[in-house]
Each structure stands twice: as structure tokens, then as C-alpha cells.
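# model the structure of this input:
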Amino acid sequence: MTKTGYESESWKQAGGTQWVDAADQMDRLLIAYLDRLMDTVGRLASGRVLDIGCGTGATTRSAATILGNHGDAVGLDISPVMIEEARRRARESRSAASYVLDDAASHAFAPNSFDLLISRFGVMFFEDPVAAFANLRRAVRPGGQLHMITWRGPEENAFLTAAEESAREYVPNMPVRQAGEPGPFGLADRDQVTSILSDAGWSRISLEPADEEIVMSVDELDNYLVKMGPVGRIFDELDANTQVKLAVAIRAAFAPYREGDEVRFTASCWSVRAEAGEEA
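Model prediction:
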């Protein structure tokens, strides 16, 4: 299989460092999706919540705040640098959130130990998604819930691929992000997602469009371009002349999204829900 730049080893290295460096910006840009998940957490009178692919831990900390003394929020991620940062932020904010460093696809969860699984863009990278979601299913009590936010396809999210498409002239081996492969668009297809979850033992599966307008300043865009995604992972490795040419090409690619001093685009996502069926 062609490397996509989103393999597990990447998250343990440059991919994780990217997200730590851009954590505050990304948490602000994606706040609407945190709010969607927290609405679900808020419906729990009490219980245990697992935040899958928690990154630097904002969603886990928010869940811990909502649960208070009536439950626990645990974040899990495969990236050592992101878990370290999540723990640091939890200490600084005196959050009760806790964090586990491991792969959600293979972690030895105690059976039936969670009431709700949530994820904000953290579950699209599994190499074997059926096996991964089956493992997660075993971690949830029968009748427990799953609520995750995932991207729809690249054809509906041209903003996300604009940088790498404009970079191909200068970086010919830039990975192509495809729907259905491990990466941001790994769970983009409605029928595929339904099939994966059903085969993994989940029931009452639903996918609803979850579109939100994302707004950033032009200055924030420059920071986003050189830190995030495939371009961010190779930018510092390029020679100075190529960096300048690439930066000019990328800015031109984002011109359609500029409105004065702001950059605006619509994030086209799925809000995916499912219920844990009885163990077969």
C-alpha cells in the first residue's frame, strides 16, 4: 500500500509534533465540533467516557468538566508527544481528565468499562477499521454509545487538499489523500462507515451531515500551511528557494477562500452515532 503520511509511526514523530505546535489554533478552529460532542456527554447523568484519538486532550478535558464528580473522562492516543502535552495541559488546568498512550485498535480495554465513546477527527486512521471498532465495541457496555466526527470526502473539502495539490509541482511525490484509505478521509463514505461499524458489532448506526463554517485570519492561514498536513510535514526539509516558491503557490491556491483579512471555508463532516450491541 502507498504511504499516506498518516501511518501510526508518523503520529509518533512529525505528525504528533505538528499537532502540538498548532494545538491552540486547531482547538479554536474546531470548537464547533467539540461542542457537538459535549452535547452528547452532557446527556449522561453519570458514567465513563473514552475520547479516541484525543490528541492534545481538549475534548477529554471538556468531558471531564461536564461529568464533574459523576464520572470519568479518559483520553487515548498513539502519539507520545501529544499525550505528554495533553497531560501537561490537564495538570495546568487542574483537570480530572486522564490519558493513556496506546493504539485504540489493539489496546487491552477492560470489557464493558465505558458508557460513551467520543472522537473528534481521531478515528479515520485505522489500518483495519473493522478490527479496531470491534475492539472499541468490547470496551463499551451493551447499550453504550459511540459519537464521532469524521470528514466527508475530499470533493466536499477542497480546502483541506488545496495546499498539497498546489505543491505537487515542487514536491512530485506528495501523497494523495484518498477516501477510504487511512487518513482524514478514511471514513468519508456513508455506506462504508455503516458496513464497518455493523461488522464490528455496532447497531443503530446513523450518519448525519455536520457542516460548520471555519474562520481564520490570513496570518493564521500562513501558520496553518507550514505546520499542518502533508505540506507541513515536509516543508522544513525543502531548500529555501523551493520553500519560497511553494509558499507563493499555496497562498494563490487559497485565494478563493479569502474575504478581506479573513479566510473562510465550510468543513463538510459526518456526525456518526452508533450503539453497542450485545456481545456475540
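# need the contact list for Arg177.
Going by CB atoms under 8 Å, 6 or more residues apart in numbering, Arg177 touches Thr4, Pro154, Leu160, Thr161, Glu164, Gly183, Pro184, Phe185, Pro230. The way it works is simple: take the backbone N, C-alpha and C, and place the C-beta from them, glycine included.
# and Met216, by the same measure?
Met216 touches Gln25, Leu29, Tyr224, Glu262, Val263, counting by CB under 8 Å, 6+ apart.
# restricted to strands, list those residues.
Under the assignment DSSP state E, these contribute Glu262, Val263 to strands.
# so is the closest residue to Gly57 other than its chain neighbours in a helix, a strand, or just coil?
Spatial nearest neighbour of Gly57, excluding adjacent residues (CB to CB, 6 or more residues apart in numbering): Ala86 at 3.0 Å. What DSSP: H, G, I helix; E, B strand; the rest coil gives for Ala86 is helix.
# separation between Ala86 and Gln178?
Per CB to CB, to the nearest Å, Ala86 is found 29 Å from Gln178.
# kindly report the same for Ala90.
35 Å.
# any idea which helix or strand carries Gly143?
Secondary structure from DSSP states H and E places Gly143 in strand 140-151.
# in that strand, what counts as buried?
Val140, Gly144, Gln145, Leu146, His147, Met148, Ile149, Thr150, Trp151 (16 or more other CB atoms under 10 Å).
# with stretch 54-73 instead?
Buried-residue list, stretch 54-73, by 16+ other CB under 10 Å: 54-64, 66-67, 71-73.
# kindly report the same for stretch 157-171.
Buried residues in stretch 157-171 (16+ other CB under 10 Å): Asn157, Phe159, Leu160, Thr161, Ala162, Ala163, Glu164, Glu165, Ser166, Ala167, Tyr170, Val171.
# need the contact partners of whichever strand or helix holds the fifth one.
It refers to Ala162. Following DSSP H and E, one finds Ala162 within helix 158-167. Helix 158-167 has contacts (CB under 8 Å, 6+ apart) with 151, 154, 174-175, 177, 184, 214, 225, 229-231, 246, 249-250, 252-254, 257, 265, 267.
# mind checking which of those are in strands?
Among the contacts of helix 158-167, the ones falling in strands (DSSP E) are Trp151, Ile214, Phe265, Ala267.
# who wins on neighbours among those residues?
Using other CB atoms under 10 Å as the neighbour criterion, Trp151 leads those with 23 neighbours.
# wait, that one touches Gly183, no?
No - using CB atoms under 8 Å, Trp151 is not in contact with Gly183; the gap is 9.2 Å.
# any common contacting residues for those two?
With CB under 8 Å, 6+ apart, Trp151 and Gly183 have common neighbours Met124.
# quick one, strands of the stretch 1-150 of the chain?
Counting by DSSP state E, counting those that start in this stretch, the stretch 1-150 of the chain has strands at residues 47-52, 71-77, 98-101, 114-120, 140-151.
# mind listing what the residue most central in space within the chain touches?
Ranked by distance to the mean C-alpha position of the chain (CA atoms, centre = their mean), the top residue is Phe121 at 2.2 Å. Applying CB under 8 Å, 6+ apart, one finds that Phe121 lies in contact with Leu30, Tyr33, Gly53, Ile149, Thr150, Trp151, Pro184.
# excluding its backbone neighbours, what's nearest the fifth one?
Nearest non-adjacent residue to Thr150, counting by CB to CB, 6+ apart: Leu187, 4.2 Å away.
# if I look at the one you found, how far off is Ile205?
In terms of CB to CB, Leu187 sits 12 Å off from Ile205.
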